[in-house]
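1. sequence first, then the predicted structure, then my questions.
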Amino acid sequence: MKTRRRMCLAPKGEDPACDGLAIRAHTVPRQECLSKIAEDGHVLTPTFDLGKSLSKQSLDFDMRKVGVRNASTFTGFCAKHDAEIFKSVDTGPFAGSHEECALLLYRATAWEYYAKLHAEVVADTASSFDKGKSLAHQIGLQSTTSAYKAGVQAAILDGRNRMDELERMMLARDFSDIRSLVIEFEQVPSIVAAAVFEPDFCLSGERIQQIGDLSKPLMPLGISLVTYGDKSYFVFSWTQGADAIVRKFVDEYASVDPARLATALTVLLFETTENIYANPQWWTQLSDETKAKLLERARSGAEPGKLTPATHLQFEGEEYGPWTFKRMYWVGC
């Protein structure tokens with residue numbers, strides 16, 4: 001299996017002396033977020049066994065226990081840059097400034113880019129999983145991995161372009177192109193997360209872009225659910241260039257009944273990212289039917305080549321939370 005060295009993804013002009021050696025940097029703040037929802041130093045995260053999933057040609061998700069030291073980490077920044085660049089969003093308090101929203105988007109984008117680089121390595125390895133299988137199985141698996149790798153390579157190119165755009169903002173200290181919606185809640189939720197994804201359908205079911213069309217770049221949206229003190233914040237962030245696509249998506253969440261926001265946002269997170277961490281007691285108290293539904297959402301959102309239903313973000317009949325809504329406000333809009 002090919003491996004990659006640890007690398008610091010910090011903007012090159014930030015510190016020419018950086019040696020490039022990266023640590024296990026958290027994408028979700030450890031002390032302010034992960035530790036607050038942990039039990040005995042552990043949280044739960046949706047994950048799957050790649051070998052088992054590929055042999056079944058379907059992702060097999062479950063919730064896995066992980067320590068807060070390792071939860072949400074990736075070797076994408078050196079210790080110096082991780083501490084210096086993200087100090088304000090790692091330690092709080094959170095003011096919802098342009099810069100803070102930009103930092104949440106930047107770190108989630110870096111994690112997504114790094115994950116795609118790793119996915120390319122995994123795709124190369126996965127092509128050998130058909131040894132000893134029937135010819136029909138080999139053909140099916142090779143077709144699946146080939147399509148997956150093509151998508152990953154396109155995503156890596158998009159990811160590098162996104163990183164370049166955000167790094168130019170970081171170096172200029174000019175975050176005026178960042179657009180955000182911040183939703184504030186009165187307490188610490190049972191989950192925290194950070195991600196970047198490309199929305200294909202709005203909450204209403206209207207298509208806004210075509211996933212799988214490699215002829216044009218997809219417009220990304222950053223989402224983070226973070227806690228500071230005894231409050232929490234769900235932050236949607238995007239760049240001005242993506243405004244024509246993602247603003248409609250965000251507008252529909254801004255119109256959700258505040259009493260239903262916890263449910264709408266929980267569904268959104270399980271549908272769009274594996275970089276989500278849950279309080280173990282919260283998960284244990286859910287019914288088996290509810291657990292199965294959330295894991296199915298995690299699986300359907302991650303499975304390569306699977307067509308996404310237009311209504312996949314709708315949450316009729318589901319109830320999560322409650323998180324007490326305090327306020328929402330726009331940044332840069």
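-> Structure's in. What do you need?

2. per-residue pLDDT, K65?
-> Listed pLDDT for K65 reads 96.

3. show me the contacts for F185.
-> By CB atoms under 8 Å, 6 or more residues apart in numbering, the contact set of F185 is K231, S232, Y233, F234, A262, W323, T324, F325, K326. (C-beta placed from N, C-alpha, C; glycine too.)

4. repeat the analysis, applying 6 Å as the threshold.
-> By CB atoms under 6 Å, 6 or more residues apart in numbering, F185 lies in contact with S232, W323.

5. who's it bridged to?
-> S232, F325 (DSSP bridges).

6. name the SS class of the most centrally placed residue in the chain, please.
-> For the chain, the residue nearest the mean C-alpha position is A195 (2.0 Å; CA atoms, centre = their mean). Following DSSP: H, G, I helix; E, B strand; the rest coil, A195 is assigned to strand.

7. do you know how far L44 is from I191?
-> Applying CB to CB, to the nearest Å, the value for L44 to I191 is 9 Å.

8. pull the number of nearby residues for A154.
-> Look at A154: counted by other CB atoms under 10 Å, it has 17 neighbours.

9. disregarding residues adjacent in the polypeptide, which is nearest to it?
-> L214 (4.8 Å; CB to CB, 6 or more residues apart in numbering).

10. name the helix or strand for the one you found, please.
-> Assigned by DSSP states H and E, L214 belongs to no helix or strand.

11. so how far is A102 from it?
-> L214 is 28 Å from A102, by CB to CB.

12. which elements pack onto the host helix or strand of V235?
-> For V235, the host element (DSSP H and E) is strand 231-239. Using 3 or more CB pairs under 6 Å, 6 or more residues apart in numbering; DSSP states H and E, the elements in contact with strand 231-239 are helix 98-126, strand 178-185, strand 221-228.

13. listing partners with orientation, what would you give for the last one?
-> Paired strands of strand 221-228, with direction, are strand 191-197 (antiparallel), strand 231-239 (antiparallel) (DSSP bridges).

14. ok, residues contacting the last one?
-> What it means is strand 231-239. So strand 231-239 is contacted by 94, 101, 104-105, 177, 179-185, 188-189, 221-226, 246, 250, 265 (CB under 6 Å, 6+ apart).

15. one more time with 8 Å, if that's ok
-> Against strand 231-239 from outside (CB under 8 Å, 6+ apart): 94, 96, 101-102, 104-105, 165-166, 177-189, 219-227, 246-247, 250, 253, 261, 265, 323, 326.

16. any of the residues you listed buried? List them.
-> Among the contacts of strand 231-239, those classed as buried by 16 or more other CB atoms under 10 Å are 94, 101-102, 104-105, 166, 177-185, 188-189, 219-227, 246-247, 250, 253, 261, 265, 323.

17. where in the stretch 201-333 of the chain is pLDDT low?
-> 301-305 (pLDDT under 70).

18. please enumerate the strands of it.
-> Ranges of strands in the stretch 201-333 of the chain, per DSSP state E, counting those that start in this stretch, are 221-228, 231-239, 276-278, 325-331.

19. what's the burial count for A95?
-> Neighbour tally, A95, other CB under 10 Å: 11.

20. what about it, which SS state?
-> Of the three states, A95 takes coil under three-state DSSP.

21. could you check how far it is from R162?
-> A95 is 25 Å from R162, by CB to CB.

22. repeat that for F197.
-> From F197 to R162 the distance is 12 Å (CB to CB).

23. give me the more crowded residue out of these two.
-> R162 (25 against 18).

24. find the residue closest to the more buried one in space, skipping its chain neighbours.
-> T109 (5.3 Å).

25. before we move on, what about V192?
-> Going by CB to CB, 6+ apart, V192 has C33 as its nearest residue, at 4.4 Å.

26. neighbours of the one you found, just the number please.
-> Neighbours of C33 (other CB under 10 Å): 31.

27. okay then, goodbye and thanks.
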